[in-house]
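J.: quick one: sequence plus predicted model below, questions after.
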Number of protein chains: 4
Amino acid sequence: MWQEKESKLYKAFEFKDFISAFSFMTRVALLAEKSNHHPTWTNTYNKVEIWLSTHDAGDKVTEKDRLLADEIDALNTN
Amino acid sequence: MWQEKESKLYKAFEFKDFISAFSFMTRVALLAEKSNHHPTWTNTYNKVEIWLSTHDAGDKVTEKDRLLADEIDALNTN
Amino acid sequence: MWQEKESKLYKAFEFKDFISAFSFMTRVALLAEKSNHHPTWTNTYNKVEIWLSTHDAGDKVTEKDRLLADEIDALNTN
Amino acid sequence: MWQEKESKLYKAFEFKDFISAFSFMTRVALLAEKSNHHPTWTNTYNKVEIWLSTHDAGDKVTEKDRLLADEIDALNTN
């Protein structure tokens, strides 16, 4: 579940190991570059945290963020 | 199933799309660099073909190739 | 220099090691997914070969291929 | 220059764009997995921040962190 906090969508992900986490990050990177909408994200080993907000809209959560959030969620079901 | 042909282990993989295929390639790249044993591989959109052989052993299939093949197969079950 | 052969643009790249080669491949993957135009490519350790053609145009070289070729060349100057 | 703060080595990197930043992250990921020593890192578009510490040593900066820091610095000269 994505949570909205401090004008950002936030979600934490946990994987088996670093290889799985970084592979997920590569998928997100491809999606983000494709839609020209990029996350702020942090990784430590098997953990990835993602924050989404729209800079052009004054760092608020917009439809672009909800769309990317949905696309990221869809990755894990492939 | 990996097949042995022309002194190489060979397997073809097919994914949903390019993002899934390249994410798989990133996992294989991390495994390969970690074990210092690198594939010859080809990608077109959602298809990846991998050939494994051991150059130091005169381009034959060795235990190093069978190990990497097993590790690659294990990736897809994560 | 990209060469046109068998109705494809072709170029071979050589890097210092696998890490440099795969990092280059990641850049190309991001470009390719962004433009929704994907290469056929092969990698062995520090070598990458790329073939570009346009499937929708009957596997011919089109402006889309020349554009992606130019973008790939521009990557190496960053 | 890496700075030591709060028992971590810290450095901020800035790139031309997201593609360059994520390509750098892929190189760091390959190094990190190879040495089985992983960073905490954050990325937003063209910016990457990296923190290195050794969990097994009680989250202190050790020789493993200095080595990975040196390897990361060496990446940018390729």
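T.: Alright, I've got the coordinates.

J.: quick check on the residue most central in space within chain A: phi, psi?
T.: With distances taken as C-alpha atoms, centre = their mean, the residue of chain A nearest its centroid is A:Ile50 (4.3 Å). Main-chain torsions, A:Ile50, degrees, to the nearest 10: phi -130, psi 130.

J.: ok, what's across the strand from it?
T.: A:Lys11, A:Trp41 (DSSP bridges).

J.: quick one: it and A:Tyr10 touch, right?
T.: Yes. Under the contact definition of C-beta atoms under 8 Å, A:Ile50 touches A:Tyr10, with a separation of 7.1 Å. (Each C-beta comes from the backbone N, C-alpha and C, glycine too.)

J.: part of a helix, is A:Ile72?
T.: Yes. A:Ile72 forms part of a helix when assessed by DSSP: H, G, I helix; E, B strand; the rest coil.

J.: now it: how far from B:Ser35?
T.: 30 Å (C-beta to C-beta, to the nearest Å).

J.: more neighbours: which of the two?
T.: Neighbour count, other C-beta atoms under 10 Å in any protein chain shown: between A:Ile72 and B:Ser35, A:Ile72 has more, with 22 against 13.

J.: could you pull up the residues touching that one?
T.: A:Lys11, A:Val28, A:Leu31, A:Ile50 (C-beta atoms under 8 Å, 6 or more residues apart in numbering or on different chains).

J.: got any ranges where chain A has weak pLDDT?
T.: Judged by pLDDT under 70, chain A has its weakly predicted residues at A:76-78.

J.: list, one by one, the residues from it near chain C.
T.: Residues of chain A lying close to chain C by C-beta under 8 Å from any C-beta of the partner chain are A:Thr26, A:Ala29, A:Leu30, A:Glu33, A:Lys34.

J.: farthest-separated two in these?
T.: Greatest spacing in these, by C-beta to C-beta: A:Thr26 and A:Lys34 (12.6 Å).

J.: of the two, who's got more company?
T.: Higher neighbour count among A:Thr26 and A:Lys34: A:Thr26, with 26 against 16, using other C-beta under 10 Å.

J.: mind checking what secondary structure that one has?
T.: Assigned by three-state DSSP, the conformation of A:Thr26 is helix.

J.: wait, it sits on B:Ala29?
T.: No. With contact defined as C-beta under 8 Å, A:Thr26 does not reach B:Ala29; the gap is 9.7 Å.
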